[in-house]
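**Student:** Need the 3D shape of this:
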Amino acid sequence: MKRAALCKQLGHQFAQTQLLQRALTHRSYGAAHNERLEFLGDSVLNCAVAKYLFDAFPDLPEGELSRLRSNLVNQQTLALLAQQLNLGEHLLLGEGERKSAGFRRPSILADALEALFGAVLQDADFAEAERVVLGLYVPFIARADLQTLGKDAKTLLQEHLQGNKLALPQYSVVEIKGEAHSQTFVVSCEIAQLGLITQGEGASRRIAEQIAANKAYQQITRNP
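**Tutor:** From the prediction side, this is the model:
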């Protein structure tokens with residue numbers, strides 16, 4: 001039932017359900033894993049996004065098109081789109097990956113989404129795989145700020161502060177929660193000159209810092 005909902009979100013019903021099964025299987029689960037489909041899906045993704053950008057932005061030079069494509073097909077964007085599909089709920093993971101919350105790991109989510117693109121190609125054809133890719137990517141591109149696409153929150157915050165001659169933020173670990181194998185970090189981001197402190201929470205210090213930085217960036221750009 002859950003997989004039917006996933007197929008509906010993708011807009012593709014698999015005639016060969018074993019392809020869907022394989023696309024959702026991480027190597028930690030068994031030998032019939034998704035890495036070969038991921039290889040195929042990566043090529044489909046790059047071609048589909050490149051063609052869309054070429055057609056949608058006729059005035060952009062090659063360098064800008066390359067920048068946009070690389071920032072759209074990277075792990076960060078793929079993982080975000082996978083989260084929107086709740087893809088982690090469908091993954092088949094080995095015991096170790098399950099215990100370490102592998103279903104939330106960006107690399108695993110990104111690889112699985114690419115594998116799904118490859119599975120659609122094998123189940124149907126390139127046109128169908130391209131349609132599935134663009135069904136996810138076109139709305140994302142429409143919402144994105146193409147000038148800042150690909151820059152993480154800490155970079156955006158730093159550039160904004162430097163542009164306004166303000167000191168860089170200070171990040172501090174406020175709390176570490178949970179057992180050693182499944183920790184959650186709480187990190188603060190302080191911009192002393194603005195009297196602003198935000199907090200982020202994530203499965204690693206880096207993720208928590210990014211979340212805290214994003215909150216700070218959103219606050220100071222909305223209320224300049």
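
**Student:** end-to-end on stretch 168-182?
**Tutor:** One end of stretch 168-182 to the other measures 31 Å (CA to CA, to the nearest Å).

**Student:** Report the rounded mean pLDDT for that stretch.
**Tutor:** In this model, stretch 168-182 carries a mean pLDDT of 89.

**Student:** now swap in stretch 99-106 and tell me
**Tutor:** Average pLDDT, stretch 99-106: 86.

**Student:** Please name the residues that touch the most centrally placed residue in the chain.
**Tutor:** The centroid of the chain falls nearest to Ala79 when counting by CA atoms, centre = their mean (2.5 Å). Counting by CB atoms under 8 Å, 6 or more residues apart in numbering, Ala79 touches Pro106, Ser107, Leu109, Ala110, Leu113. Where C-beta positions appear, they are placed from N, C-alpha and C, glycine not excepted.

**Student:** and the residue in the chain sticking out farthest from the centre, how far is that from Val187?
**Tutor:** In the chain, Gln193 marks the outermost C-alpha relative to the chain mean, sitting 32.4 Å out by CA atoms, centre = their mean. Per CB to CB, to the nearest Å, Gln193 is found 20 Å from Val187.

**Student:** What's the separation between the residue lying closest to Ala101 once chain neighbours are set aside and Ser100?
**Tutor:** Of all residues not flanking Ala101 in the chain, Ser182 sits nearest, at 5.9 Å (CB to CB, 6 or more residues apart in numbering). Going from Ser182 to Ser100 by CB to CB gives 7 Å.

**Student:** of these two, who's got more company?
**Tutor:** The neighbour comparison of Ser182 against Ser100 (other CB atoms under 10 Å) goes to Ser100, with 15 against 11.
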